[in-house]
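Q: Need a 3D model of the following:
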Amino acid sequence: MSLLSTMDVSASGLNCEKLRMELIAQNIANIETTKTSAGGPYRRQVAVFKETLRNELNRVENPGEFMGAGVQVAKIVTDNAPALMVYDPQHPDAGQDGMVAKPNINLANEIVDSITASRAYGANVTVFNATKSMALKALTVGRG
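A: Below is the predicted model:
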């Protein structure tokens with residue numbers, strides 16, 4: 001794997017973790033949104049990642065010789081966990097029984113996910129910078 005390929009893998013990880021952090025921020029921002037354009041409460045959004053392979057055909061022909069090329073977002077899924085039902089008869093979106101459907105978002109889980117994404121982002125930055133440093137040192141080899 002060349003140094004540039006390593007940088008590409010790190011860059012793909014950076015992009016995915018950035019999107020993951022954006023989704024977490026969106027989830028937290030909508031933690032109290034009880035009515036969306038679809039009519040119900042906001043639903044938690046989660047990114048699903050998949051490995052990017054450099055050459056899928058080569059992987060089939062030579063199973064031991066494939067090389068990863070990073071990660072990409074396969075899709076963004078909506079968490080279909082049930083809404084949280086809270087008794088608040090004064091709320092404008094309360095039903096006849098005084099219950100309000102709140103988003104299926106757990107703030108503690110979102111914070112833990114944001115810490116995980118932040119650390120993964122930092123790890124990718126470290127790999128990218130180490131690779132850049134090695135590439136710069138390789139350019140100086142042979143200079144007298």
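Q: Go ahead and flag the most central residue of this structure.
A: Arg20 (2.5 Å; Cα atoms, centre = their mean).
Q: tell me which element the closest residue to it other than its chain neighbours falls in.
A: Nearest non-adjacent residue to Arg20, counting by Cβ to Cβ, 6 or more residues apart in numbering: Ala117, 4.5 Å away. For the C-beta atoms, the positions are set from N, CA and C on the backbone; glycine is no exception. Using DSSP states H and E, Ala117 sits in helix 107-140.
Q: can you check Asp8 too?
A: Per DSSP H and E: helix 3-29 holds Asp8.
Q: returning to what we had before: isn't the residue nearest to Arg20 up against Glu22?
A: No: using Cβ atoms under 8 Å as the test, Ala117 is too far from Glu22 to be in contact (9.7 Å).
Q: mind listing what's buried in the biggest strand by length in the chain?
A: Longest strand of the chain, by residue count under DSSP state E: strand 68-78. Neighbour counts using 16 or more other Cβ atoms under 10 Å place Ala69, Gly70, Val71 of strand 68-78 among the buried residues.
Q: Many thanks, we can stop here.
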